[in-house]
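Participant: what follows is a predicted protein model with its sequence.
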Protein chains: 2
Amino acid sequence: MKEIKNAVQLGVLVGQKNYHALREILVEMNPVDIAQFIGELPEEQAVVTFRTLPKMQAMEVFAELDAESQQQIVEAINDRELQALMDELAVDDAVDMLEEMPATLVKRILRQSSHQTRALLNQFLRYAEHTAGSIMTAEYTNLRRQMTVEDAIKRIRRIGEDRETIYTCYVTDSTRVLQGVVSVKDLLMAHDTELIEDIMEPDVIAVHTAEDQEKAVDLMAKYDLIALPVVDGENRLVGIVTVDDAVDVIQEEATEDFEKMAGIAPSEKPYLKTGVFSLAKNRFLWLLILMVSGMITGAILGHYEAAFSAIPLLVSFIPMLTDAGGNAGSQSSTLVIRGMALGEIEMKDFFAVLWKEARVSVLVGVPLAVVNFARIVISYPGSTLVAGTVSLTLVFTVVFANAVGGILPMVAKVFKIDPALMAAPLISSLVDACSLVIYFTIAMVLLPI
Amino acid sequence: MKEIKNAVQLGVLVGQKNYHALREILVEMNPVDIAQFIGELPEEQAVVTFRTLPKMQAMEVFAELDAESQQQIVEAINDRELQALMDELAVDDAVDMLEEMPATLVKRILRQSSHQTRALLNQFLRYAEHTAGSIMTAEYTNLRRQMTVEDAIKRIRRIGEDRETIYTCYVTDSTRVLQGVVSVKDLLMAHDTELIEDIMEPDVIAVHTAEDQEKAVDLMAKYDLIALPVVDGENRLVGIVTVDDAVDVIQEEATEDFEKMAGIAPSEKPYLKTGVFSLAKNRFLWLLILMVSGMITGAILGHYEAAFSAIPLLVSFIPMLTDAGGNAGSQSSTLVIRGMALGEIEMKDFFAVLWKEARVSVLVGVPLAVVNFARIVISYPGSTLVAGTVSLTLVFTVVFANAVGGILPMVAKVFKIDPALMAAPLISSLVDACSLVIYFTIAMVLLPI
């Protein structure tokens, strides 16, 4: 790949301290690639390389760097450089950076920002994590309803350079109240003399600053938006969420669900950058909870000691039965949790889900039981009753597991618990205990114990 | 919510057959909302309501309808209406529709399309599923390098109405070879007399038609693109992937991984729209495989009948041990699978992952074992050796489970197997069997069996 060849060449130039040649290649590169390259360099070289960049490009690259490299650079540059950087950086990128930095550095950064930037940063830092306010940026293009299309295009050409996105323009009044939306496409397709108020869409899809970021992103995905306006309680425009940030949120939210569904406390950092202690801490609590629930299952099992002392063969089917239950429950809960996350399954579908799962579990449970029955009768001739016990248990376990897996995520939502927590680990533990009770209850009836 | 109130009002108007009032409300609504409304109506009313829409809006709404409603409408409208619809519909939307329809309807649709549209549809239908070609659209804006900015803006204003996105324009030569990219923002920021070749970016980030759609989407996420050009073997521009379709692909790919990781064959349709037989079929194979592996575990357990006949208490710790192993393995495999999907973990990180998991498993395994030891000694006084056996097994099981969970997804990739299949269900089965062998091996050594 081109990038790897580039990376080697660039590395050589850094090693030779040939900053002139380095700069010449860097200015032609994409900021994302430069940031990746700088992130791989040792601290000292990273800072030197960053300083070779022209001012505007430096700002773009800085926004793409990881928190660690950003901190190294902020620590290394002088106040004048920092000041220039802060006044160029988009507010959302600046806020992301500040949230990762130690307090002393944050103070220095805020001191070096212009009055206006500082006020904005302080405002943005107050929005709670995972809200629309926390992912929005303040750089948007606003127009007035009395402008003509020609005025509007002129205004965009004049101020657009600083704006995160110019393709969706928002029409506001003098108190910043949101009145309409007009895309650059609409502007280009209209006649120069038309008025903005005649071509704007007055029904704007917008979210409140305190709204969950997931809601904002869902709206953008549903209506295919490249930007979503964020308003305050008085419907005043305070910022926009751009589609590139929305994509990041979608990835993060999916990752969080993957982690929760495996019984891991979500982490903000990528796996390889997370410390061993954080990884252990994120996993320990659930393992402990599940160990305790495993102990309860064990205690239940202990009650049936008489049964498996009489027929030890019964023990050897326990792993198969608990696994089958756990897997069936994990299948149905995964489908329902994901369906809820995508907004495809809602509370009103409760009985539809239950009825679907009931039918599915009979459709999968009965054939599994038949295979199982045949296998036991063949492997252990004369154990027809044991085979019957195991197969019956299998059907009941699958039905129970599918029902629990399908329903529990929805019940969780009623109690304002994240449905993603009602996934494989918890459901397996629950189903394990119940499948054993079913197993030995049937065994007591059918077998001579 | 506004939408619900709207839905009720609209429903009443449909019921009263007051199509005039209905149309008046619908023309002001967003196509996504109209499509959702029509999708909820019974077949007959759905078609009638669709027909009340003005032509341009009808096309937009049609593109947003689900496959079932699209088919009902195609079956109900006459050839002239169908012809108009096909010539207005974006190629990617048309292809998505055709892929879901029965062959006889596809034939009728292709017959009613213009020669040009039909050629394009046939070309697009040939791109394999999950490739960049299969998700691209043919509606893009192309410019020539010798054009001035003024010419370019004029061209966009003339042809833009038909294009899926106008914000990224592609510079091609007379044989459609891709030479550069220029955004509408660049055009608006430049002077009218500048030449496109002077302001375009010649290093275009593009993908080949046969490239995996995931690759295309990853590039768009990495470089914050709102459109990505798709080229053929001769670097000729054939289409673009737009960011709204990329968002859909990201959601779909995540859903597919959720399903695979729960041992479910991926389904294209939402849960509630998938038939009970399909749901059962998608789940049965993995349940069967896992049941067989559960039987193998059972057979292993059978070998140790002497041990648990001598000390029946040993049986009651089996669920806890297998659960802990399964959960630990599921935690590490989930993190590695997701990290690989996001490109954060690569093959070169193999030993880094292994080393991380080794340390994490000691950090979580030892405290779990201590808790466990204390609990057994308290609950069953005099069972110190049993407590030791269980606790030692727990540590070894967690270490083994984390190692297998971390490594198996990476090994799978070497053999070109989807890492997502190396998730909880498979890992649990594997770890179950091994933890039992560890358990009884330790028991045989420590206990008087």
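Facilitator: In hand now; what should we look at? Numbering: from 1, shown residues only, chains lettered A, B, ... in the order given.

Participant: got the residues of the stretch 1-150 of chain A near chain B?
Facilitator: A:28, A:30, A:32 (C-beta under 8 Å from any C-beta of the partner chain). From N, CA and C alone the C-beta is placed, and that goes for glycine too.

Participant: give me the buried entries from those.
Facilitator: Buried residues within the residues of the stretch 1-150 of chain A next to chain B, defined by neighbour count using 16 or more other C-beta atoms under 10 Å in any protein chain shown: A:30, A:32.

Participant: so of the residues of the stretch 1-150 of chain A next to chain B, which ones are in helices?
Facilitator: Counting by DSSP state H, the residues of the stretch 1-150 of chain A next to chain B place residue A:32 in helices.

Participant: let's have the residues of the stretch 1-150 of chain A next to chain B in JSON lines, adding pLDDT.
Facilitator: Putting these into JSON lines (pLDDT from 0 to 100) gives the following:
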{"residue": "A:28", "pLDDT": "86"}
{"residue": "A:30", "pLDDT": "88"}
{"residue": "A:32", "pLDDT": "90"}
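
Participant: what about the nearest residue to residue A:208 once chain neighbours are set aside, how many residues nearby?
Facilitator: In space, and not counting its chain neighbours, residue A:208 is closest to residue A:231: 6.2 Å by C-beta to C-beta, 6 or more residues apart in numbering or on different chains. Residue A:231: 21 surrounding residues under other C-beta atoms under 10 Å in any protein chain shown.

Participant: would you list every one of the helices in the stretch 101-250 of chain A?
Facilitator: Taking DSSP state H, counting those that start in this stretch as the criterion, the stretch 101-250 of chain A contains helices spanning A:103-112, A:115-125, A:132-135, A:149-159, A:184-189, A:196-199, A:213-222, A:243-261.

Participant: and those helices, which is most packed in?
Facilitator: Each of the helices of the stretch 101-250 of chain A was scored by mean neighbour count; the highest is helix A:132-135, a mean of 25, by mean count of other C-beta atoms under 10 Å in any protein chain shown.

Participant: before we move on, back to that, residue B:84 versus the residue nearest to residue A:208, what's the distance?
Facilitator: Taking C-beta to C-beta, to the nearest Å as the criterion, residue A:231 is separated from residue B:84 by 39 Å.

Participant: what's the weakest-modelled helix or strand in chain A?
Facilitator: Taking mean pLDDT, DSSP states H and E as the measure, the helices and strands of chain A show their lowest mean at helix A:2-15, namely a mean of 74.

Participant: and the contacts of that one?
Facilitator: A:19, A:21-22, A:25-26, A:29, A:33, A:37, A:40-41, A:45, A:48-49 (C-beta atoms under 8 Å, 6 or more residues apart in numbering or on different chains).

Participant: swap the cut-off to 10 Å and go again
Facilitator: A:1, A:18-26, A:29-30, A:33-34, A:36-38, A:40-42, A:45-46, A:48-49, A:52, B:203 (C-beta atoms under 10 Å, 6 or more residues apart in numbering or on different chains).

Participant: list the buried residues in that helix.
Facilitator: When neighbours are counted by 16+ other C-beta under 10 Å, the buried residues of helix A:2-15 are found to be A:10, A:13, A:14.

Participant: which of those residues lies closest to residue A:421?
Facilitator: Ranking these by separation from residue A:421, with C-beta to C-beta as the measure, puts residue A:10 on top at 45.3 Å.

Participant: ok, the closest residue to residue A:249 other than its chain neighbours - contacts?
Facilitator: For residue A:249, the nearest residue in space outside its immediate sequence neighbours is residue A:217; the separation is 4.8 Å by C-beta to C-beta, 6+ apart. Taking C-beta under 10 Å, 6+ apart, we find residue A:217 in contact with A:132, A:135, A:207, A:228, A:241, A:243, A:245-250, A:252-253, B:247.

Participant: only the buried residues of stretch A:290-297, if you could.
Facilitator: For stretch A:290-297, burial by neighbour count (16+ other C-beta under 10 Å) applies to A:290, A:291, A:293, A:294, A:295, A:297.

Participant: next: stretch A:62-78.
Facilitator: Going by 16+ other C-beta under 10 Å, stretch A:62-78 has these buried residues: A:62, A:63, A:64, A:65, A:69, A:70, A:71, A:72, A:73, A:74, A:76, A:77.

Participant: again with stretch A:164-177
Facilitator: Burial within stretch A:164-177, assessed by neighbour count using 16+ other C-beta under 10 Å, is assigned to A:164, A:165, A:166, A:167, A:168, A:169, A:170, A:171, A:172.

Participant: bridged to the last one, which residues?
Facilitator: Read that as residue A:172. As for beta bridges, residue A:172 partners with residue A:178 under DSSP bridges.

Participant: I'd assumed residue A:236 was in contact with it.
Facilitator: Yes: counting by C-beta atoms under 10 Å, residue A:172 touches residue A:236, with 7.8 Å between them.

Participant: what's the overlap in contacts for those two?
Facilitator: Here residue A:172 and residue A:236 share the contacting residues residue A:178, scored by C-beta under 10 Å, 6+ apart.

Participant: where does pLDDT dip in chain A?
Facilitator: For chain A, the stretches with pLDDT under 70 are A:1-5, A:162-163.

Participant: residues contacting the residue positioned nearest the centre of it?
Facilitator: For chain A, the residue lying nearest the average C-alpha position, counting by C-alpha atoms, centre = their mean, turns out to be residue A:253 (1.5 Å). Contacts here follow C-beta under 10 Å, 6+ apart; on that basis residue A:253 touches A:130, A:212, A:213, A:214, A:217, A:218, A:266, A:341, A:420, B:254.

Participant: let's go with 7 Å and repeat that
Facilitator: Under the criterion of C-beta atoms under 7 Å, 6 or more residues apart in numbering or on different chains, the contact partners of residue A:253 comprise residue A:214.

Participant: please name the bridge partners of the residue nearest to residue A:208.
Facilitator: When residue A:231 is checked against DSSP bridges, its beta-bridge partners turn out to be residue A:208, residue A:237.

Participant: residue A:165 contacts residue A:228, correct?
Facilitator: No: judged on C-beta atoms under 7 Å, residue A:165 makes no contact with residue A:228 at a distance of 10.8 Å.

Participant: relative to residue A:103, which of the contacts of residue A:217 is nearest.
Facilitator: Nearest to residue A:103 out of these is residue A:135 (C-beta to C-beta; 22.7 Å).

Participant: state the distance from that closest one to chain B.
Facilitator: For residue A:135, the distance to chain B (C-beta to the nearest C-beta, to the nearest Å) stands at 14 Å.

Participant: ok, residue A:336 next?
Facilitator: Counting by C-beta to the nearest C-beta, the gap between residue A:336 and chain B amounts to 7 Å.

Participant: gap between that residue and residue A:258?
Facilitator: As for residue A:336, its distance to residue A:258 is 16 Å (criterion: C-beta to C-beta).

Participant: before we move on, what about residue A:150?
Facilitator: 50 Å.

Participant: ok, now residue A:436?
Facilitator: Between residue A:436 and residue A:258 the computed distance is 29 Å (C-beta to C-beta).

Participant: for the stretch 301-449 of chain A, just list every one of the helices.
Facilitator: A:305-310, A:318-341, A:350-379, A:384-414, A:424-446.

Participant: and the second one, what does it pack onto?
Facilitator: So the one you mean is helix A:318-341. Helix A:318-341 makes packing contacts with helix A:350-379, helix A:384-414, helix A:424-446, helix B:243-261, helix B:276-303, helix B:318-341, helix B:424-446 when contacts are defined by 3 or more C-beta pairs under 7 Å, 6 or more residues apart in numbering or on different chains; DSSP states H and E.

Participant: that helix vs helix A:350-379, what angle?
Facilitator: 160 degrees (axes from the mean of the first three to the mean of the last three C-alpha atoms, to 10 degrees).

Participant: how far is helix A:318-341 from where the chain is centred?
Facilitator: Relative to its parent chain, helix A:318-341 has a centroid offset of 22 Å by C-alpha atoms, centre = their mean, to the nearest Å.

Participant: angle of it against helix A:276-303?
Facilitator: Between helix A:318-341 and helix A:276-303, the angle comes out at 130 degrees (the same axes, to 10 degrees).

Participant: many thanks, I have nothing further to ask.
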